[in-house]
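*Asks:* Starting from these lines, generate the structure:
(2 chains)
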Amino acid sequence: MWAYFKFELVQFFTNKKNIAIYVLLLFAALFYAIKIAPAYDPIEQVDADEIEARYLTRETFINDMAGKNLRFAHPSVRLALQIFNELNPLDLERLEALEKGDLQKYAATTSDWYYITNSYTHNSGSLFYNPRYYAYGSQYADDDAYYAYLETGKRYEEFAKADYELSINLFEQRTAWQTIERLMTGVLPIVLIVCALLLAVDVVTKDRLHPTLLKGFPIADWKKLLVKGFVAFVGSLVLFVPLAVGFLIIGVQFGFGHLDIPVPQYIVDYKVQQKQGIFTVISLGAFLGQCIQLLLLWFMAIIAIVLLCSVVLRNEVINLGIGLVIIFAEYFYFSRGIGFLWDIEKYPTSYIQIGQVVSKIRNFYYNSDAMAAQLGMKLLAIYIVVMLVITLGISLNKRFKLVK
Amino acid sequence: MIQALKVGLKIELTNRKNLFLLFIVALITVGMMFYIESQSAGNQIVEKTGDFYSAQAALTKFQVIDASDDGDGSDLYKSLNKQKIAVALQIAALKMQNSKMYYETSIEIAELRAKAFDMEEYDKVASLMPSRIKNTLNHMYFSHLLKAEQEMTPNLLQYFPFLLFFFSIVGAGWYVFISFYTSSILLEDFEHSSLIKGYPIRFDQYIFTKCVTYFLYIIGFIVVVFACAVPLIFINGAGDASYPIAVYVGQPAIYSTIHYVALSISYMIIIAIFAMLLSIILNVLLKNMYLTLFVQSILFFLPEVFPSMISFMPYSPFNFLNFNKILSGYPLELAAPVDITMTTGLIILLICIALMMLVIKTFFSTGKIART
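*Replies:* Sure, this is the predicted structure:
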């Protein structure tokens, strides 16, 4: 068994295709760390010029209106005055805090600023969030901005209580750990799962090239399959090595951050929302921990389906096709708010956007109450077990041959 | 050679992989219908509401002042205000199902925007507005609809509108799909090289028979798309086969649905031959299905991810593989616009095909096929 494991492992890591995947991923990580990460331009950034411009315009308006009789003024003038009088002191405090470098105070006032701005803007019909949310053709800009403002507000609220050192990079989520967090809610999970699929796809079918060699191992077929699956899983874990290189480069540029950084998590329950706002906080460590659990389960799920397809259909292209269909299945039915009508939380494929599932923004998009990382883990685990049982069941059949 | 063709066909017809891919094409076609349903794609009211918000957001970048014609606001500010009014009217016309008014307001918006492009400070709102070429195409499209007195907004789940929708986005995936399909075109036979030696034909003839069998399947994929859409005729009706679509072919033009679909199919076939020949060359050079697939995908995705590469090398054949993008005038929207059309693309692709054939004929016809 051990000898067979070593044999498979060596074959796996000398496979031209697998080496190519690691190298390509390394290039992608380097490219991201050197080119894309420094160009990251978040909508909610720490921009003293922007605050100052807004502050000065509003201050002029307040001064112009001072002492005037507003009884017959347009109601929007009164509304504007009310808003400006409330927000301008905050903007001034933010500017002063930035100048003095008192980031704790900046975080506290910025948090208030976001909450108050949102309370005036949300569903107002005449006021707008940061114009960068309203790109041409974005239908859900208002919703997204609402979410982002409250999330940013929550982030700063937590930063204000911080007992660790704050920095602008930390505020703008540029540090290495926070970059991982952003990537996890973005494209990284799908990239990694597709890589795992590509790594695993020929783990059984390659044997037909050397059928005689394998007869030297007197091991039952089901054991062989398990070893192969395990080797593919180990290979998938190695995918993190090229990523680590990118991580180190980003860390050197912008600082590493640490795992106690707060990550806002959307509260799904309507009743709890009314009591404590729409966000609660978990630590970045807990966030990434859950992400990794889901990710590893996804690796196993993909390997399990590849094993089953290899046993039943015996064709690499079919393995690849079915794997891709499973990974991208959600794109066919994903639609904002559809969770209210369909029980999308019951399909394992709905949990492919791992970071979004854990931060629960996916619940916000789907408008689903029941979707949760734990449920996703359970579903994936059941799915893996079922796949493996079927696969092993087939391979225990006496007429079954791993290699024809 | 005919004999070899027959044998090859027999092998490929029963190949599980090919049947599976036919199934995948059917799945994607049917999946697309679900996608239209769930995304409410083509729902103009939703899309125009987005337009309204864009105009509204663009206005927030300006100080609120008198926007009447003799007011002291800038020209752009006045134009944006007029656009916003027009979009509101457009949405109202949509809700009332008043097609004539809808077309007229749409044309008015396009005219307002066309004038706005040259105004001062346009950069400030550029991200919130459609590009110049898109605007010109819109103008032409709605003018045509108004003249032809077409009915408003076709139901995308009718036969011809669905085909138009399908073939107007298929370019994004077609090349990748074909490179996926052809990535192991020679490799399966390399595994049994003694089998090939059994055919009493030359290597180039053998490659030719391979290409023919694969080509038949590629035609099959396209046929499957049409076949899978047939149920729509019975559910929602066939729809209008002459419904227009605006395209850019050196100059803005209006094509009918049938014309556009036919054009797409011819591009798809040329692109498929291109991908197939490239696969053959890469197969012989790299002797690995996945490396072939990686190289093909990277060549395709580089200009997609880095659009500046299109400006840098406008005549690279890989710019033309996503033909829908070229037809929509995308190269003109780039930071450094280049005027390339699918006609140029077709010539370049054909030249490349000829070159690759030459390469295969001269270098790969020795008949020595190494085992992987």
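
*Asks:* CA only for contacts and neighbour counts going forward, please
*Replies:* Fine.

*Asks:* and residue B:320, what does it touch?
*Replies:* For residue B:320, the contact set (Cα atoms under 8 Å, 6 or more residues apart in numbering or on different chains) comprises B:326, B:342, B:345.

*Asks:* out of those residues, which are buried?
*Replies:* Buried members of the contacts of residue B:320, counted by 16 or more other Cα atoms under 10 Å in any protein chain shown: B:326, B:342, B:345.

*Asks:* could you dump those residues to JSON lines with distance to residue B:128?
*Replies:* Listed next are the buried ones among the contacts of residue B:320 as JSON lines, based on distance: Cα to Cα, whole Å:
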{"residue": "B:326", "distance to residue B:128": "22"}
{"residue": "B:342", "distance to residue B:128": "28"}
{"residue": "B:345", "distance to residue B:128": "31"}
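
*Asks:* So which of these is the closest to chain A?
*Replies:* residue B:326 (20.2 Å; Cα to the nearest Cα).

*Asks:* My read is that that closest one contacts residue B:342, right?
*Replies:* Yes: judged on Cα atoms under 8 Å, residue B:326 makes contact with residue B:342 at a distance of 6.4 Å.

*Asks:* Now for residue 58, which secondary structure element holds it?
*Replies:* Going with chain A. Assigned by DSSP states H and E, residue A:58 falls within helix A:48-65.

*Asks:* actually chain B
*Replies:* helix B:44-59.

*Asks:* Give me the contacts around the helix or strand that contains residue B:103.
*Replies:* Taking DSSP H and E as the criterion, residue B:103 maps to helix B:99-116. For helix B:99-116, the surrounding residues in contact (Cα under 8 Å, 6+ apart) are B:76, B:79, B:82-83, B:86-87, B:89-91, B:93-94, B:122, B:132, B:135-136, B:138-139, B:142-143, B:145-146, B:149, B:151-152.

*Asks:* before we move on, the earlier item: packing partners of the helix holding residue B:58?
*Replies:* helix B:75-95 (3 or more Cα pairs under 8 Å, 6 or more residues apart in numbering or on different chains; DSSP states H and E).

*Asks:* Please name every helix or strand in contact with the helix it packs on.
*Replies:* The contact analysis (3+ Cα pairs under 8 Å, 6+ apart) places helix B:75-95 against helix B:44-59, helix B:99-116.

*Asks:* By proximity to chain A, which residue of the stretch 101-250 of chain B wins?
*Replies:* The nearest approach of the stretch 101-250 of chain B to chain A comes at residue B:128, 4.4 Å away (Cα to the nearest Cα).

*Asks:* Next, the contact list for the residue nearest to that residue when sequence neighbours are not counted, please.
*Replies:* Computed as Cα to Cα, 6 or more residues apart in numbering or on different chains, the closest residue to residue B:128 that is not its neighbour in sequence is residue A:136, at 4.4 Å. Listed by Cα under 8 Å, 6+ apart, the contact set of residue A:136 reads B:50, B:51, B:54, B:127, B:128, B:129, B:130.

*Asks:* So for chain A, the centremost residue is which one?
*Replies:* When Cα atoms, centre = their mean is applied to chain A, the residue found nearest the centroid is residue A:185 (1.4 Å).

*Asks:* mind listing what it touches?
*Replies:* Counting by Cα under 8 Å, 6+ apart, residue A:185 makes contact with A:353, A:354, A:355, A:356, A:359.

*Asks:* 7 Å - rerun?
*Replies:* A:353, A:354, A:355, A:356 (Cα atoms under 7 Å, 6 or more residues apart in numbering or on different chains).

*Asks:* quick one: which of the residues you listed sit in helices?
*Replies:* A:354, A:355, A:356 (DSSP state H).
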